[in-house]
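In: Got a predicted structure here, sequence first:
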Amino acid sequence: MLSYKTPAVYIEELPTTGPIEGVGTSTAAFIGAALKGPIEVPTKITNWTRFKDTFGSYILAPRLMHFMAYAVRGFFDNGGTVAYIVRASTAARALADLPDRAQANPLTAVRIQAKDAGTAGNAIKVTVSDANIVPQAQNAQVLRASASINSSAANVVTLAKVADAALFAVGDLVTIDGTAEAPNPIQGIMGAQLRLANAFSVNYGANKTVRIADLTAGQTAFRVQSGTGIESGSSLTVSGGAKTENVVVGGVSGQFITLDAGLANAYSLASGNAGLVTIVSNEFTLVITLGALQETWPNLAMDPRHSRYFARTVASAWVDAIEPPSPTVQLPPNNRPAIIVAPGQKLAGGADDSLNALLPLVNYTDALDTLEKVDDVNIVCMPGLTSNAVQSALVTHCEKMADRFAILDAQPGAPPFGQGSVLAQEATVASVGGYAALYYPWIKIVDPSSATGDVDILVPPSGHVAGVFARSDTERGVHKAPANEPVRTAIGLERIVDAIEQGELNIGGVDVLRIFSGQALPLVWGARTTAAKESDWRYVNVRRLLLFIEQSIKVGLRWAVFEPNDLGLWKRLRRTLTEFLTRVWRSGALFGATADQAFYVKIDEENNPASVRDLGQVIIEIGVAPVRPAEFVVVRIGLWDGGSQVTES
């Protein structure tokens with residue numbers, strides 16, 4: 001806030017609230033088995049080549065059991081641009097837990113884990129040896145300095161020689177040698193004079209020597225001869241005479257180091273003392289061996305503040321060095337991994353993936369759970385996984401997150417009606433809020449793994465349909481139903497569904513893929529969710545449009561959090577929301593001849609009484625009229641006065 005005192009023209013810049021930007025709607029996530037790649041780690045890709053490089057190509061043994069690769073290829077072929085891949089797997093990564101240096105009952109200091117799952121990781125070996133960034137040979141020591149004085153009066157010490165002032169620095173604790181004077185910090189140096197924080201107990205004459213004071217128990221800062229190699233997080237061993245202790249550096253400024261905790265012992269820095277107070281740092285070296293190949297990672301530290309912290313420094317091609325789930329409780333330097341000599345400790349526990357059958361349910365649900373931390377997922381597919389347990393988990397996930405939509409595959413070979421039918425399947429994956437859609441039947445494509453290109457296979461439609469969603473969103477907008485759209489690269493369908501069959505399936509919430517006479521490609525010919533047929537959420541585009549509006553508002557109104565909850569805030573919120581919804585209406589997403597007919601924004605004292613404001617809440621009520629798809633285009637034909645007769649429908 002400017003201070004207005006002198007008469008003048010004042011300019012004050014006011015913060016502005018930008019318009020709400022629409023969030024993305026077509027980022028898909030795929031969950032399934034893969035030949036390789038990170039396990040249960042959502043990995044962002046933008047093309048098919050990146051998928052192959054990271055996760056491998058099609059799983060051919062066994063053939064046509066795991067369909068994620070086919071679905072991802074279909075997604076990009078049909079217009080998809082961004083996807084997250086989560087590999088579900090029974091494979092395990094080999095690991096070795098390196099113990100700390102406790103004399104009894106050691107805990108794990110460092111976990112070494114193979115980058116790739118599988119039994120190959122069991123051949124990796126690890127050795128550990130001691131290392132010292134600041135070794136004994138460097139003669140690192142606490143600085144000793146002394147100089148003759150001419151006088152000491154009040155808080156000023158005058159040195160006998162001007163040149164001796166260079167031996168001292170502001171911050172040094174000094175005393176008069178041979179006296180009991182308490183350590184006195186230097187606050188300034190000018191010429192031959194040292195200005196101290198306090199006066200000594202008496203004045204001293206020219207027969208005395210000023211020196212850096214002895215280190216005292218509890219002291220947390222002192223100056224070293226050289227700070228090279230010492231940094232925040234350094235573990236040091238301080239030795240003087242018969243005393244030795246371990247300390248951790250909290251900060252370094254030039255030659256001055258500050259400890260996390262005070263010294264346990266006192267150390268003499270008197271010039272007549274023949275012994276030095278030496279410093280050695282405590283690090284370790286890790287050597288990773290795979291066959292005849294070897295990686296060496298020297299001078300690793302255990303403290304995250306250190307520039308050589310092991311978890312950041314080790315960038316091995318074969319392993320990750322990470323903190324264990326239950327880290328060591330040993331104090332430095334005994335928190336380092338214990339020495340392991342050659343040939344080293346082998347990693348163990350690596351297991352290969354079992355792809356001869358579908359994976360256990362827990363592997364799929366664990367992979368699905370990892371998507372909860374990914375905010376920009378809009379569509380989720382688990383290609384070819386048609387069991388009720390898996391699909392129910394997927395629907396529950398989307399309903400819980402309330403920002404994404406599930407595309408479900410019909411069971412392969414399922415008839416339209418009766419026992420084991422797709423209509424019976426739809427009843428088991430109902431979503432009250434319309435967060436899922438079920439597509440039927442499977443599609444026929446040319447086998448991309450065929451050498452001759454003349455082999456046809458059946459694959460689940462979810463990946464291709466997700467690409468259709470993305471293409472429709474880009475070309476028309478999320479408000480347009482992703483239907484009456486061709487499925488690229490599909491050359492046929494598992495089953496031909498006629499108009500009568502589709503009528504029943506459509507009312508039952510099953511979206512049918514159809515091939516019409518004269519068209520080469522199958523079309524998506526349904527746009528219903530698995531919500532009840534009388535539900536407001538029965539259309540795919542209505543549910544996805546509301547997700548788009550809700551998430552855009554959620555992101556776009558973050559600026560309002562912690563703002564003063566007054567009429568000014570309400571007006572700014574109303575203006576921002578009205579401008580955003582007007583843009584949505586003009587794009588054709590909302591029904592109405594005017595903006596007032598298409599939406600309303602209510603934020604006033606009626607929905608924000610004092611009791612609500614006292615809770616720190618701002619309640620905004622928004623109503624929108626989404627455009628619903630023209631599922632049934634009815635043409636009424638009658639007779640005209642000219643006398644021509646046509647059939648009425």
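Out: Received the coordinates, thanks.

In: Give me the mean pLDDT for stretch 154-161.
Out: Averaged across stretch 154-161, the pLDDT comes to 95.

In: I meant stretch 327-338, not that one.
Out: In this model, stretch 327-338 has a mean pLDDT of 95.

In: Give me the residues contacting that stretch.
Out: 98-102, 106-110, 128, 130, 235, 237, 246, 248, 282-284, 286, 302-303 (C-beta atoms under 8 Å, 6 or more residues apart in numbering). The C-beta positions use only the backbone N, C-alpha and C, and glycine is treated the same way.

In: Would you agree S152 is in contact with D177?
Out: No - between S152 and D177 there is no contact under C-beta atoms under 8 Å: 11.7 Å.

In: show me where the stretch 451-600 of the chain has helices.
Out: Applying DSSP state H, counting those that start in this stretch to the stretch 451-600 of the chain gives helices spanning 462-475, 499-507, 540-556, 567-586, 595-598.

In: Redo these as TSV? Include mean neighbour count, distance to M401 and mean pLDDT.
Out: Listed next are these as TSV, based on neighbours: other C-beta atoms under 10 Å; distance: least, C-beta to C-beta, whole Å; pLDDT from 0 to 100:
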stretch	mean neighbour count	distance to M401	mean pLDDT
helix 462-475	25	17	98
helix 499-507	15	27	95
helix 540-556	21	10	95
helix 567-586	16	22	94
helix 595-598	14	27	94
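
In: Next, give phi and psi for A114.
Out: A114 has phi and psi values of phi -60, psi 140 when expressed as degrees, to the nearest 10.

In: Quick check: bridge partners of T244?
Out: S239 (DSSP bridges).

In: My read is that it contacts T237, right?
Out: Yes - contact criterion C-beta under 8 Å: T244 and T237 qualify, at 6.4 Å.

In: Which one of the two is surrounded by more residues?
Out: Ranked by neighbour count (other C-beta atoms under 10 Å), T244 and T237 place T237 first, with 18 against 13.

In: How about the contacts made by that one?
Out: T244, E245, N246, V247, I279, V280, S281, N282, P333.

In: Walk me through the domains of this protein.
Out: 28-90+356-542, 95-132+283-346, 133-142+215-281, 145-214, 563-649 (automatic domain parsing).

In: so which of those domains comes closest to P7?
Out: domain 563-649 (28.5 Å; C-beta to C-beta).

In: how near is A137 to E283?
Out: Going from A137 to E283 by C-beta to C-beta, to the nearest Å gives 15 Å.

In: So which of those two has more stuff around it?
Out: In this view A137 and E283 are compared by other C-beta under 10 Å, and E283 has more residues nearby, 22 against 8.

In: pLDDT score for the more buried one?
Out: In this prediction, E283 carries a pLDDT score of 97.

In: pretty sure it is touching A301, no?
Out: Yes - E283 is within contact range of A301, at 5.5 Å (criterion: C-beta under 8 Å).

In: intersection of neighbour lists for these two?
Out: Common neighbours of E283 and A301, counting by C-beta under 8 Å, 6+ apart, are S235, R308.

In: Contacts only, for V540.
Out: F405, G434, A437, A481, P482, A483, D511, A527, R528, T529.

In: Without its sequence neighbours, what residue ends up closest to it?
Out: A527 (4.7 Å; C-beta to C-beta, 6 or more residues apart in numbering).

In: before we move on, what about A424?
Out: In space, A424 is closest to G418, 7.7 Å off (C-beta to C-beta, 6+ apart).

In: With T90 instead?
Out: S354 (4.9 Å).

In: what's around that neighbour, how many residues?
Out: Neighbours of S354 using other C-beta under 10 Å come to 13.

In: what do you get for A593?
Out: By the criterion of other C-beta under 10 Å, A593 has 7 neighbours.

In: Over to A311?
Out: Neighbours around A311, by other C-beta under 10 Å: 14.

In: tell me the contacts of it?
Out: For A311, the contact set (C-beta under 8 Å, 6+ apart) comprises P304, A321, I322, E323.

In: Any of those buried? List them.
Out: For the contacts of A311, a burial check counting by 16 or more other C-beta atoms under 10 Å picks out A321.

In: on that earlier part again, possible to save the helices of the stretch 451-600 of the chain as CSV with distance to R312?
Out: CSV is the format used below for the helices of the stretch 451-600 of the chain (distance: least, C-beta to C-beta, whole Å):
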stretch, distance to R312
helix 462-475, 37
helix 499-507, 55
helix 540-556, 31
helix 567-586, 41
helix 595-598, 52
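
In: Would you mind saying which of those lies nearest D164?
Out: Here helix 540-556 is closest among the helices of the stretch 451-600 of the chain (C-beta to C-beta), at 64.7 Å.

In: how far out from the middle of the chain is the closest one?
Out: On the basis of C-alpha atoms, centre = their mean, to the nearest Å, helix 540-556 sits 23 Å off its chain's mean C-alpha point.
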